[in-house]
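A.B. asks: Need a 3D model of the sequence below.
(chains A and B)
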Amino acid sequence: MNVVNPAPGTASPAERTGTPLLAVRGLRIGYRTSDGTHIAVDGLDLTAAAGQITAVVGESGSGKSSTAHALIGLLPAGGSVLGGSVRLQGEELTGLGERAWREVRGRRVGLIPQDPGLSLDPVKPVGGQVAEVLRVHGLATRRDATARAVDLLAEAGLPDPAQRARQYPHELSGGMRQRVLIAIATAARPRLLVADEPTSALDVTVQRQILDHLQGVVTTTGTAMLLVTHDLAVVADRAQHVVVMSQARVVEAGPAEQVLTDPQHPYTRRLLADAPTITARAPRRDRTDNTEPPDAPHDSTSPEATGATAAPLLRVTGLTRAFPVRGAGLSRRRSRTAVDGVGFELDRGETLGLVGESGSGKSTTARLILGLERADSGAVLLDGADVTTVRGAARRALHRRIQFVYQNPYASLNPRFTVEELLTEPLRNHRIGAKEQWGATVRRLLADVALPAGTERRKAAELSGGQRQRVAIARALALGPELLVCDEPVSALDVTVQARILELLIDLQERHGLSYLFISHDLAVVAQVSDRIAVMRDGRIVESGPADELLRSPSHPYTKELLAAVPGDRRINSATEDTSWS
Amino acid sequence: MNTALYAVTRTLRALFVVWAAFTLTFAALRLLPGDPVALMLSGRGGFAGLTPEQIARTRAELGFDRPLITQYGSALADAVHGDFGASLQSGQPVSRMIADAIPSTLQIGGLALVLALVIGILIGVAANLTASPVLRQLLRSIPSFAVSLPSFWVGLILIQLLSFQWHLFPSLGNSGVQSLILPACTMAIPGCALVAQVLGKSLHTTLQEPYADTVRATGAGRARLLFGHGLRNAAIPAVTVVGLLVGSLIGGAVVVETVFSRPGMGRITQSAVSAQDLPVVQGVVVVAALAFAVVNLLIDLVYPVLDPRIRSTGQLVTT
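C.D. replies: Residues are numbered from 1 along each chain as shown, chains lettered A, B, ... in the order given. As a prediction, this is how the structure comes out:
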């Protein structure tokens, strides 16, 4: 590793480890809105010490991101620091003018942003973006900067740095982009790094590599890091200190070990309880005995009312789908096989968890099963009828039996529709029941997903993320399906909301005898709801089996790698031995 | 390789546009009510006093008695060689009329384009560079105001003030550089407003993207962010608008050349349309389509230079 600037290695001995480098006292941040000032951070205290990681955790809207932005003087429009003090190496940062801030940014405080996909300039080679930092702070001449950018990229762990430096962000993977962003943040050797959800957008195996690297930077160079995250498992693995924020205030702070093993504040306790751990759902032996509770909203004529429990509800065999890839030139037209011979069975009342990283083909599999995408080959048999070949009225009838819950409840509901309109739309489309009965159906559906009466009159835009996802589930249930395909249904939600939605899904399954195909990148979430788990990689299922077995003794190396990469080992081992899978 | 493929497909597309313009005007010429031979002879008193034999002879001379597809084929072949036939009004070759008119229109059109780009870019950039909210608001409202001014009215006001009252510029004619200024300014105003508005807005959007925060977080100043990163990211919508602008300049020439009594393509178009001189109209349409296609082809070829993502996918990326 080339050390480009001497600064980090020559930190004064007193500053090496443990000395507070950053001290925030009583920080207040507000945003001007049409009806007064909204306080985003109210009286925040924290310190960050050289050579250590201080984590700020909380759910969305808790003020953790505002804190991160205030530390680098880049609050979004309308936001301002209303009071308190931010001292970096003894120097007050609040109230600095724009010119003075420019000296601080990059040189004394580095920012590692959240989304590596959007945080690099798409039209410039990445090497130039690293070199620019050196130029901004006058640390290198133009020619010099280019060479040193390559060294910095190498230092950030980018393979083949000289060649990569000339490439554009879209030519790099998410992990590589995050390494470029780390090279940018560390280029001018700042003493404080602010990392705002640095790995939330990355796959779990990549996340682990990036966090390993960041931890290495902190310990070897004596940099202080403020790690803003929603992920308690990451905190448990990496941070020395934790600050828990809720509704603009710090509710609890202290050494990570102590806060995570012996939380004092109820909010911290709830956060810990709701964080998914890799704990398999208890096997349900009575599952097949009672798949049709009397209150199930099923069409009584559906074949499975007469059918035995012997045949699986869904049988997928040899499912394959390739997409053309625009290669270089006319002659080299290639295709990429997104789904490659996928096969599995799903029983009535059962949950199959389909887990894999981005690009593994799990979402395409979902779309093929729903008939939203044409399969190149293979069959999807629902009760013996092939979903991939039916057309017209039979296809519509099939859709009543398979429904879909999307990942993003903000995008999947028309924000201008009332909840009632959203829930009656499928009834109207499939001409189910008389118009006069729809009101009763809507109320029953809302009760099913535990939304209060009266919600039907509100517009989707007025609801929170969790409420929206409940509406999305209610909409999927409106047609009385037997199978719900849930594609990352809780990924966009905060942990406590996520836990409630997972509970709801399990409850609905038990009441209505639903089958779930539950797709997620998050092994911990999949573990909580699945009876069986299938692990996908590069379009194939590499391993599948009963959830507890697969998690306890994975046989495929990739499954082992996935399990090992899931953060949170430390907390699980030290705090909750009884539920530990290892 | 990919870039070559991209260039080839875009060139074929441009050729298609020109061909389609020719074919549509040809179809209009032959299929719309109104006998071209009668129109042609109308200048000389129409069919009145002519025997059916004479009419038939003229028709045969002009080839109008052949099957439509043959007429189309030979007309297309002629057009490829720059021959659009003769004007029904004057009997002059259409290509000659256009060749005579083009330089004057190119002069004011070119100057108008340059003015529109320079001033439009300045306003768009300044609106995003200034730290003063008042100035920013002012610069942002100029374009929507300017774009709503009708150009014939602007032209008349300019003539009234600068020519008649202050005698700064000549009001009419095409003698010297002086006479170019007023028509070019009149023509430039809507385009300038369009460029300013689109560039200003797309700069504003791109400077709020996450990558801009990355750049700010390195300590870069406003100007470095805007010129080093923002401008190139914001360029694609603005460059697209330039393509449309060239189209609107062709239409603008009709108004401006009439108001300022200048000879040029606009005047030819105006008189050909009012006299139903269809060969001239066809020539003008094809030349305009050619200009439009060439400019948009150039713009298509600029996209991959501006955005590396188009280089690798051949498709416009919207983030």
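A.B. asks: can you pull out the strands in chain B?
C.D. replies: Using DSSP state E, no strands are assigned anywhere in chain B.
A.B. asks: pLDDT-wise, which helix or strand of it ranks last?
C.D. replies: helix B:36-42 (a mean of 65; mean pLDDT, DSSP states H and E).
A.B. asks: ok, now how distant is the closest residue to residue A:197 other than its chain neighbours from residue A:383?
C.D. replies: Nearest residue to residue A:197, sequence neighbours excluded (C-beta to C-beta, 6 or more residues apart in numbering or on different chains): residue A:114, at 4.3 Å. In short, each C-beta sits where N, CA and C put it, glycine included. Distance check for residue A:114 against residue A:383: by C-beta to C-beta, to the nearest Å, it reads 44 Å.
A.B. asks: More neighbours: those two, which one.
C.D. replies: Neighbours per residue, other C-beta atoms under 10 Å in any protein chain shown: of residue A:114 and residue A:383, the larger number sits with residue A:114, 23 against 18.
A.B. asks: For the residue nearest the centre of chain A, list the residues it contacts.
C.D. replies: Nearest residue to the geometric centre of chain A (C-alpha atoms, centre = their mean): residue A:491, 4.8 Å. By C-beta atoms under 8 Å, 6 or more residues apart in numbering or on different chains, the residues touching residue A:491 are A:407, A:520-522.
A.B. asks: Looking at these, which are in strands?
C.D. replies: residue A:520.
A.B. asks: And the contacts of residue A:491, which is closest to chain B?
C.D. replies: When those are compared for distance to chain B (C-beta to the nearest C-beta), residue A:407 wins out at 19.4 Å.
A.B. asks: Give the closest residue to that closest one in space, chain neighbours not counted.
C.D. replies: Residue A:407 sits nearest to residue A:488 (C-beta to C-beta, 6+ apart), 3.9 Å away.
A.B. asks: The one you found contacts residue A:405, correct?
C.D. replies: No. Between residue A:488 and residue A:405 there is no contact under C-beta atoms under 8 Å: 9.3 Å.
A.B. asks: Between the two, point out the one with more neighbours.
C.D. replies: Taking other C-beta under 10 Å, residue A:488 and residue A:405 do not tie; residue A:405 has more neighbours (24 against 19).
A.B. asks: Who is the more buried one paired with across the strands?
C.D. replies: Residue A:405 has these beta-bridge partners by DSSP bridges: residue A:486.
A.B. asks: List the contacts of it.
C.D. replies: Residue A:405 neighbours (C-beta under 8 Å, 6+ apart): A:469, A:472-473, A:476, A:484-487, A:489.
A.B. asks: per-residue confidence for it?
C.D. replies: At residue A:405, the model reports a pLDDT of 91.
A.B. asks: quick one: it from chain B, how far?
C.D. replies: Here residue A:405 is placed at a distance of 27 Å from chain B (C-beta to the nearest C-beta, to the nearest Å).
A.B. asks: Quick one, which of the contacts of residue A:491 are buried?
C.D. replies: Among the contacts of residue A:491, those buried by neighbour count (16 or more other C-beta atoms under 10 Å in any protein chain shown) are A:407, A:520-522.
A.B. asks: what two of those have the greatest distance between them?
C.D. replies: A:407 and A:522 (11.7 Å; C-beta to C-beta).
A.B. asks: how about the helices in the stretch 51-200 of chain A?
C.D. replies: Secondary structure of the stretch 51-200 of chain A (DSSP state H, counting those that start in this stretch): helices at A:64-71, A:98-104, A:126-136, A:142-155, A:161-164, A:174-186.
A.B. asks: Compare those and give me the one nearest residue A:318.
C.D. replies: Smallest distance to residue A:318 across the helices of the stretch 51-200 of chain A (C-beta to C-beta): 30.7 Å, for helix A:174-186.
A.B. asks: one step back: among the helices of the stretch 51-200 of chain A, single out whichever gets nearest to residue B:93.
C.D. replies: Closest to residue B:93 of the helices of the stretch 51-200 of chain A is helix A:126-136 (C-beta to C-beta; 55.3 Å).
A.B. asks: Am I right that residue B:262 is in contact with residue B:182?
C.D. replies: No. Under the criterion of C-beta under 8 Å, residue B:262 makes no contact with residue B:182, lying 10.1 Å away.
A.B. asks: Give me the neighbour count for residue A:418.
C.D. replies: 17.
A.B. asks: give the contact list for the nearest residue to it once chain neighbours are set aside.
C.D. replies: The shortest distance from residue A:418 to any non-neighbouring residue, by C-beta to C-beta, 6+ apart, is to residue A:459 (5.5 Å). If a contact means C-beta under 8 Å, 6+ apart, then residue A:459 has A:415-419 as its contacts.
A.B. asks: residue contacts, residue A:456?
C.D. replies: Residue A:456 is in contact with A:418-420, A:423, A:442-443, A:446, counting by C-beta under 8 Å, 6+ apart.
A.B. asks: Could you dump those into CSV with secondary structure and pLDDT added?
C.D. replies: Listed next are the contacts of residue A:456 as CSV, based on DSSP: H, G, I helix; E, B strand; the rest coil; pLDDT from 0 to 100:
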residue, secondary structure, pLDDT
A:418, strand, 91
A:419, helix, 92
A:420, helix, 92
A:423, helix, 92
A:442, helix, 92
A:443, helix, 92
A:446, helix, 93
